[in-house]
Structures are given as structure tokens and as C-alpha cells.
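Engineer: this one's structure only:
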């Protein structure tokens, strides 16, 4: 029962993705779809191990989940300045260096308000500033560096480990 509750939490939380684009009306033309897949190690008859991505039927602590967001410009014009924000689901920890996205600037946040590159994101601890650890990230943000033409699509994503 707990696993089913965790699975549902992942799915609900993962869909809390936001997109911004200018002009504002163009954002309506950009359609996002999100998938959550679990990394499973499969061993063949010869003992060789490979990683396979599957739709999870249950989630356990320690499992790795890949969250992928596909964007698709369904409009008739190109869209500029697309920004995709995704909170890291509760009960998971972002896996360092796992965020991907072709032609994007990737930034992170520990509070959902202030974003910076991983090597510049600072937090205050004991009245001193230090570099944030990846397990402290709460959001991932992708800023596309070029326009997405009409009919254009792409994807971004990250991995998280279940607590």
C-alpha cells in the first residue's frame, strides 16, 4: 500500500511542471508531456547487465527514476524564450549531473525562487555561505537558448533517487 501511495505521489508531483514563453500567448501553443521511468538492471543469460527504463509498477527506496519532459510547439509560429520549471518530487533526491537538455541552460533552486547554475548556487549555513549540494535542490529549470519553430519539439530531463 505504501509503495502505491509513493507511486501516485511521484506521478502527481511530477506533473507540476510550468512553462513560460514570450509573447505570453505563445505559451499556450507549447504542449508539455511528462514521463517517469524507473531504471532497472537486467541480467541476460550470459550474466551481462544492462540498464533498462520501464514504467514503474511500484517504487522502493533507493530506486532511480528518470523524469523526462517533452515539449512540442503546436502553434503556427516559432516560440522564443521558453523556460521549463520542474520541482523535484517529494521523497526523492536529485542525482548530481543528471539533468539533460540539448541547447538549454540548466539551473537549480533550493527554494523555488532563486535559480543558479550548480557551480554557483549558494546556501547559508551557520552564518556562512557555501555551495549547495545536489541533494538540497528542490527545482530544475531549463531555459532554451534558441527558438522552437512551429512543429518543433525536444526534451529535457533529470534523474532522482527515491528516499
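Structural biologist: Received it, and whenever you're ready, just let me know what you need. Keep in mind that this is a model prediction, so the values were computed, not measured.
Engineer: ok, what's across the strand from residue 124?
Structural biologist: residue 129 (DSSP bridges).
Engineer: Can you check the pLDDT for it?
Structural biologist: Looking at residue 124, its pLDDT stands at 95.
Engineer: how deep is it tucked in, by neighbour count?
Structural biologist: Neighbour count for residue 124, taken as other Cβ atoms under 10 Å: 8. Yep, even glycine has a C-beta here, placed from its N, CA and C like the rest.
Engineer: Next: residue 150.
Structural biologist: Residue 150: 13 neighbours (other Cβ under 10 Å).
Engineer: Just give me the longest strand of this protein.
Structural biologist: In the chain, assigned by DSSP state E, the strand with the most residues is strand 30-43.
Engineer: Which elements pack onto that strand?
Structural biologist: Contact here means 3 or more Cβ pairs under 8 Å, 6 or more residues apart in numbering; DSSP states H and E; on that basis strand 30-43 packs against helix 2-14, strand 18-22, strand 49-54, strand 64-73, strand 80-87.
Engineer: strand partners of it, parallel vs antiparallel please.
Structural biologist: When DSSP bridges is applied, strand 30-43 pairs with strand 49-54 (antiparallel), strand 64-73 (antiparallel).
Engineer: List the contacts of it.
Structural biologist: Residues from elsewhere that reach strand 30-43 (Cβ atoms under 8 Å, 6 or more residues apart in numbering): 10-11, 14-15, 17, 19, 21, 49-56, 59, 63-75, 79, 82, 84, 86, 148, 159.
Engineer: where does the chain have low pLDDT?
Structural biologist: Applying pLDDT under 70 to the chain flags residues 1-27.
Engineer: The longest strand of the chain to strand 80-87, inter-axis angle?
Structural biologist: Counting by axes from the mean of the first three to the mean of the last three Cα atoms, to 10 degrees, strand 30-43 lies at 50 degrees to strand 80-87.
Engineer: Strand 30-43: how far from the chain's middle?
Structural biologist: 11 Å (Cα atoms, centre = their mean, to the nearest Å).
Engineer: From here on, call the first residue 880.
Structural biologist: With the count now opening at 880, the last piece we talked about shows up as strand 909-922.
Engineer: Go through it and flag the buried ones.
Structural biologist: By neighbour count on 16 or more other Cβ atoms under 10 Å, the buried set for strand 909-922 is 909, 911, 913, 915-917.
Engineer: Same list (these) but as a markdown table, adding distance to residue 998.
Structural biologist: As requested, the buried residues of strand 909-922 are arranged in a markdown table below (distance: Cβ to Cβ, whole Å):
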| residue | distance to residue 998 |
| --- | --- |
| 909 | 29 |
| 911 | 27 |
| 913 | 27 |
| 915 | 27 |
| 916 | 28 |
| 917 | 29 |
